[in-house]
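A.B. asks: Got a sequence here, can you model it:
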Amino acid sequence: MLQFLGKGLRLGVVILSLLLTSVALCAQQPPLLNILEVAGEIRKYRLFVPSSYNAKTTYPLVLNFHGTNSHPDSQVELSEFEKLAEIENFIVVSPLALFKRQSNGPITWNVNRAKGPDDVLFIRQLIATLKKQFSIEETRIYATGFSGGARMSSRLACDLSATIAAIGPVAGIRYPSDCKPSRGVATISFHGKKDNVNHYYLQSDSPAYWKMGVEDALSAWVENNRCGSITRTQYSLSVELIQYKNCAGQGEVDFYRSTEAGHTWPGSPMAETLKGYGLGKTETGLPATQLIWQFFKRHSLKEEPK
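C.D. replies: Reported below is the predicted structural model:
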């Protein structure tokens, strides 16, 4: 979710306590994580298959990435994607990160492809494994995530653009300097201007991994997707929906910008808890999970030359 850097040390400790507490307070015992060996390393993931599953039918797959120092169980609670998947009939996989920037640092995703676990390879093999085990609709594989997980979903849009139909990064959209998608990737994103972790604007005290502000990352995706028009809609008093349309293929970009939200997942049931731990306001009237899924439903994989 964030790094233990400078002023963020105390906040990092608080968030770690929050995440551990949230897992402990789950109403039901969470399922055991599945195991997959990747390049000699044991990788883990949480899997949800709707009760309606029938091998004769194909199902969309949503990759749901947790934030730094978090866990798949906490991401499931934060986003409630599994509850929605049971209703809407899609499969959700929530992988577990393994990478550490420092030996004593928190686990996070290797978004910048540094020495260590290859998370893109992990997800590539995970998708291949799930396709063998379940009837997955290959043109409807999506990635979303929170904070560090949002950055990871952004990385997948760069490196697996021929596999990932659309992404939904929350509080952490990125466009890495080495990003080379083969196509325009449809993107829906959410960010609060009062985010005190992944700053909306790049600042002198921004974490080292936070290479660019939100608007710069969005602009890069809009340019990559070759969008030709923009519309602005006031979603609520504090939320504006900015939509980039007429893009290459199905590469539309929807951005929900809050003037009041902090480092949170809009519409999460954990809103008051997150606020109590110093992460700021959550836009409770903005159902991010439902909006992400509705956006995903409109976008299936379609190869288009850039």
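
A.B. asks: For the stretch 151-300 of the chain, just list every one of the strands.
C.D. replies: With strands called from DSSP state E, counting those that start in this stretch, the stretch 151-300 of the chain shows them at 166-170, 186-192, 229-234, 239-245, 253-258.

A.B. asks: Any chance you could list what contacts the fourth one?
C.D. replies: Under the contact criterion CB atoms under 8 Å, 6 or more residues apart in numbering, strand 239-245 has outside partners 222, 225, 227-235, 252-259, 283, 285-286. No exception for glycine: its C-beta is placed from N, CA and C like everyone else's.

A.B. asks: Sort out which of these are buried, if you could.
C.D. replies: Listed as buried from the contacts of strand 239-245 are 222, 225, 227, 235, 252-258, 283, 286; burial here means 16 or more other CB atoms under 10 Å.

A.B. asks: the helices in the stretch 151-300 of the chain, which residues?
C.D. replies: Along the stretch 151-300 of the chain, the segments classed as helices by DSSP state H, counting those that start in this stretch run 214-224, 271-276, 288-297.

A.B. asks: Name the residues that touch the second one?
C.D. replies: Residues lying outside helix 271-276 but in contact with it, judged by CB under 8 Å, 6+ apart, are 18, 22, 262, 263, 264, 268, 280, 281, 282, 284.

A.B. asks: can you redo these as CSV with pLDDT, neighbour count and distance to residue 109?
C.D. replies: Output for the contacts of helix 271-276, formatted as CSV (pLDDT from 0 to 100; neighbours: other CB atoms under 10 Å; distance: CB to CB, whole Å):
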residue, pLDDT, neighbour count, distance to residue 109
18, 44, 21, 19
22, 45, 18, 20
262, 98, 20, 21
263, 97, 27, 16
264, 97, 30, 19
268, 97, 22, 20
280, 97, 18, 22
281, 97, 16, 26
282, 97, 26, 23
284, 95, 14, 27
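
A.B. asks: and those residues as a markdown table, adding distance to residue 151?
C.D. replies: Shown next, in a markdown table, are the contacts of helix 271-276 (distance: CB to CB, whole Å):
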| residue | distance to residue 151 |
| --- | --- |
| 18 | 20 |
| 22 | 21 |
| 262 | 17 |
| 263 | 13 |
| 264 | 16 |
| 268 | 19 |
| 280 | 19 |
| 281 | 22 |
| 282 | 20 |
| 284 | 24 |
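
A.B. asks: I'd like to know how far the residue nearest to residue 55 when sequence neighbours are not counted sits from residue 124.
C.D. replies: Sequence neighbours aside, residue 135 is the residue nearest to residue 55 in space, at 4.9 Å (criterion: CB to CB, 6 or more residues apart in numbering). Distance, residue 135 to residue 124, using CB to CB, to the nearest Å: 19 Å.

A.B. asks: Neighbour count: these two, which is higher?
C.D. replies: residue 124 (16 against 13; other CB atoms under 10 Å).

A.B. asks: so what pLDDT did that one get?
C.D. replies: As predicted, residue 124 sits at a pLDDT of 98.

A.B. asks: List of residues touching the helix or strand that it is a member of?
C.D. replies: Take DSSP states H and E as the rule and residue 124 turns out to sit in helix 119-133. Applying CB under 8 Å, 6+ apart, the external contacts of helix 119-133 come out as 36, 38-39, 43, 45, 47, 61, 63, 91, 93, 95, 97-99, 109-111, 113, 136, 138, 141, 152, 155-156, 159-160, 163.

A.B. asks: May I have that helix as CSV, with CA atoms only?
C.D. replies: Extracted in CSV, the C-alpha atoms of helix 119-133 (Å, rounded to 0.1, in the frame of the first residue of the first chain):
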residue,chain,number,x,y,z
ASP,A,119,5.4,-10.5,-11.0
VAL,A,120,4.5,-10.3,-14.7
LEU,A,121,5.8,-13.8,-15.2
PHE,A,122,3.8,-14.9,-12.1
ILE,A,123,0.6,-13.4,-13.5
ARG,A,124,1.2,-14.8,-17.0
GLN,A,125,1.6,-18.3,-15.5
LEU,A,126,-1.3,-17.8,-13.1
ILE,A,127,-3.6,-17.0,-16.0
ALA,A,128,-2.4,-20.0,-18.0
THR,A,129,-3.0,-22.2,-15.0
LEU,A,130,-6.5,-20.9,-14.4
LYS,A,131,-7.3,-21.3,-18.1
LYS,A,132,-6.5,-25.0,-17.8
GLN,A,133,-8.6,-25.5,-14.7
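
A.B. asks: and whichever strand or helix holds residue 43, what does it pack onto?
C.D. replies: Secondary-structure assignment from DSSP H and E places residue 43 in strand 41-48. Judged by 3 or more CB pairs under 8 Å, 6 or more residues apart in numbering; DSSP states H and E, strand 41-48 is in contact with strand 34-38, helix 72-79, helix 81-88, strand 91-95, helix 119-133.
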